[in-house]
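S.K.: Build me a model:
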Amino acid sequence: MASGLWSEGQIWCPTCLNTLTDPVTLPCGHSYCMGCIRTQWDRVDHIGVYSCPQCGETFSQRPDVHRNTELADVVEQLRSSSFHDPPPAPSPAGPGDVPCDVCTGRPARAVKSCLVCLASYCQTHLQPHRQSPALSAHLLVDAAGRPGGSARADPQGLWDPLWQMGGDNRSSSVVNLEQQRATRAGVQDRLRSKQQELRNVMRTAEAVRSSAHLAVQNTDRIFTELIRSIERTRSELTQLIRAQERAAVSQAEGLLERLEQEIAELRRRDAELSQLSHTEDHIHFLQKFQSVCVPPGAGDSPSIPVSPHFSPEAVRRAVSGLKERLENFCKEELVKISRTVTDVSSQEPAEPGTTAEAVSEVYSLQTPEPRTRAELLHYACQLTLDPNTAHRQLCLSEGNRKVTWSREPQQYPDHPERFDHWQQVLCREGLSGTRCYWEVQWSGKGGFIGVAYKGITRKGEAKDGVFGGNDQSWSLVSSGLSCSFWHSRRGAAITGPLAPRIGVYVDHRAGTLSFYSVSGDTATLLHRVQASFTEPLYPGFGIGLNTTVGLCQLDRPVWS
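M.R.: Just a heads-up that it's a prediction; the model follows:
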């Protein structure tokens with residue numbers, strides 16, 4: 001009998017906790033009601049990543065599920081048998097409780113929220129996170145009493161526990177609601193300030209676009225006039241050469257005609273002299289001889305009037321010299337213009353919307369951002385970790401280019417720049433006014449990869465000291481299965497492919513920070529942010545439990 005292949009526990013839907021209706025079986029082997037799994041996946045359609053709610057297996061494309069007729073027959077048979085009672089359902093969510101994001105119909109009370117899945121779960125739907133090795137690494141926090149109802153609805157509440165991996169080495173922690181309420185007003189004020197700053201930046205960007213468009217138009221007009229001027233000079237020079245040619249040829253033709261006439265006259269006289277030499281009449285000879293002995297024009301010395309300075313080689317040399325001088329002039333002027341733009345754009349901007357920031361944007365228009373890993377490697381830089389900043393539970397090795405979480409504290413001396421609570425470390429090198437690219441290889445449960453100003457908080461448990469938890473740092477946070485970007489305690493989920501090697505590109509002058517997932521010779525953009533960097537940026541890392549991060553050795557290729 002077909003029902004022997006399934007146990008009674010397998011005919012219940014893990015989502016609605018009722019017997020399966022129109023059962024479908026996923027590629028991982030777990031079964032659900034067709035309506036339940038479709039509803040579950042409809043919620044994440046905008047993300048494009050679909051997973052089994054029970055085991056957590058993810059699918060790159062939404063599976064095309066079909067009714068499992070054999071399982072449907074078994075369910076129908078068991079419905080008519082003695083087995084009728086479903087498993088006990090969790091208590092429904094009441095006022096002030098956080099509802100389960102997976103339950104359909106009336107949701108049950110959630111007991112935990114997952115900071116990776118961005119969802120809250122009741123006791124039943126939490127089981128996959130307890131049992132699945134893939135989901136057990138997710139960070140869970142208590143859902144009880146959370147203002148806002150769910151992890152997804154409260155980004156500030158979501159942020160707070162994300163960083164609870166300092167000091168006591170716990171893998172998860174309970175959200176400090178009182179501290180959150182105390183800082184919420186300040187966060188809202190900062191939100192309004194950042195929104196105003198965003199509007200200012202947008203106005204600046206529009207002004208830059210207009211200025212760049214006008215600059216391009218003026219450049220095109222000026223160079224068009226310059227090209228026309230060169231064309232006029234070429235035409236005038238051609239006309240001058242042709243005029244000299246015509247004058248010289250005309251004079252030469254006049255001389256040719258005169259010479260031909262003189263030659264004809266000389267031949268006639270030669271013939272007469274020849275006849276006179278045979279005459280015997282001496283009187284006649286003397287009379288004729290005097291008229292033919294002196295040729296007309298004797299004493300004239302006609303010559304070709306072509307100037308020795310007028311030659312094709314001389315013209316070629318003169319024009320080639322003009323071309324060389326013009327090219328050198330253009331190069332020198334281009335260097336002057338570029339230096340002028342560089343000098344202006346390197347000035348420190350006082351606030352968004354200033355001229356210096358606008359010129360910085362124009363700089364980025366002049367030099368396109370690299371798009372491929374081969375192009376990124378042209379900006380490879382060598383970094384080293386600063387031992388004076390390393391938390392005592394971070395062990396540096398390989399010439400301060402590798403950092404590993406350590407259960408045993410390191411015997412580092414006290415230093416004002418050392419992180420004493422958050423497990424973080426900065427690099428020695430500050431990046432300013434240039435383009436830089438580096439790659440890191442990481443393994444373990446996760447951590448932070450980012451950049452920060454030198455003034456980031458180093459002491460105490462305040463979240464101001466966490467990469468991404470303030471306006472002085474920008475951070476990519478990875479848990480091994482998912483990642484997000486954080487700045488000023490505001491996060492954005494990243495759905496791109498995550499690899500063990502991460503590339504980071506900074507164009508300090510243009511205000512660009514980009515993160516890449518690197519696989520082989522391919523760099524896939526994960527996230528890009530546009531900011532106004534007013535200080536040197538120091539690369540840094542936050543290290544989770546059992547995590548290792550190493551700076552990769554990159555060879556800068558020769559420019560082709």
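
S.K.: For the rest of this, base every contact and every neighbour count on C-alpha atoms.
M.R.: OK.

S.K.: helices or strands next to whichever helix in the chain runs longest in the packing?
M.R.: Longest helix in the chain, counting residues (DSSP state H): helix 177-276. Judged by 3 or more Cα pairs under 8 Å, 6 or more residues apart in numbering; DSSP states H and E, the packing partners of helix 177-276 are helix 155-162, helix 282-292, helix 355-366.

S.K.: Might you report the residue contacts of A390?
M.R.: The contact partners of A390, by Cα atoms under 8 Å, 6 or more residues apart in numbering, come to R418, F419, Q423, Q424, V425, L426.

S.K.: Can you show me the helices along this structure?
M.R.: Going by DSSP H, the chain shows helices at 34-42, 69-79, 127-131, 155-162, 177-276, 282-292, 312-345, 355-366, 373-376.

S.K.: just to revisit the earlier point, which ones among the contacts of A390 are found in strands?
M.R.: Here DSSP state E is the test, and the contacts of A390 give Q424, V425, L426 as lying in strands.

S.K.: from those, which is closest to G465?
M.R.: Each of the ones in strands among the contacts of A390 was scored against G465 by Cα to Cα, and Q424 proved nearest at 9.3 Å.

S.K.: Can I get stretch 546-560 as CSV, trimmed to CA atoms?
M.R.: The C-alpha trace of stretch 546-560 is given here as CSV (Å, rounded to 0.1, in the frame of the first residue of the first chain):
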residue,chain,number,x,y,z
ASN,A,546,36.4,31.0,14.3
THR,A,547,37.0,33.4,11.4
THR,A,548,40.2,34.1,9.5
VAL,A,549,40.8,37.0,7.1
GLY,A,550,43.9,37.4,5.0
LEU,A,551,45.1,40.2,2.7
CYS,A,552,45.9,38.8,-0.8
GLN,A,553,49.1,39.4,-2.6
LEU,A,554,48.2,41.2,-5.8
ASP,A,555,50.6,42.0,-8.7
ARG,A,556,49.9,45.2,-10.5
PRO,A,557,50.0,44.5,-14.3
VAL,A,558,52.0,46.7,-16.7
TRP,A,559,49.8,49.3,-18.5
SER,A,560,49.3,48.4,-22.1
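
S.K.: the bottom helix or strand of the chain by mean pLDDT?
M.R.: Lowest by mean pLDDT, DSSP states H and E among the helices and strands of the chain is helix 155-162, with a mean of 40.

S.K.: thinking again about what came up before, show me which of the ones in strands among the contacts of A390 is closest to R209.
M.R.: Nearest member of the ones in strands among the contacts of A390 to R209, counting by Cα to Cα, is L426, at 36.1 Å.

S.K.: Any idea how far stretch 403-412 is from the middle of the chain?
M.R.: Distance of stretch 403-412 from the chain centroid (Cα atoms, centre = their mean, to the nearest Å) equals 34 Å.

S.K.: Give me the distance between the two termini of that stretch.
M.R.: Using Cα to Cα, to the nearest Å, the end-to-end distance of stretch 403-412 comes to 14 Å.

S.K.: still on that earlier bit, would you list the ones in strands among the contacts of A390 in JSON lines and tack on pLDDT, distance to R203 and neighbour count?
M.R.: JSON lines is the format used below for those (pLDDT from 0 to 100; distance: Cα to Cα, whole Å; neighbours: other Cα atoms under 10 Å):
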{"residue": "Q424", "pLDDT": "96", "distance to R203": "37", "neighbour count": "29"}
{"residue": "V425", "pLDDT": "97", "distance to R203": "37", "neighbour count": "27"}
{"residue": "L426", "pLDDT": "97", "distance to R203": "34", "neighbour count": "27"}
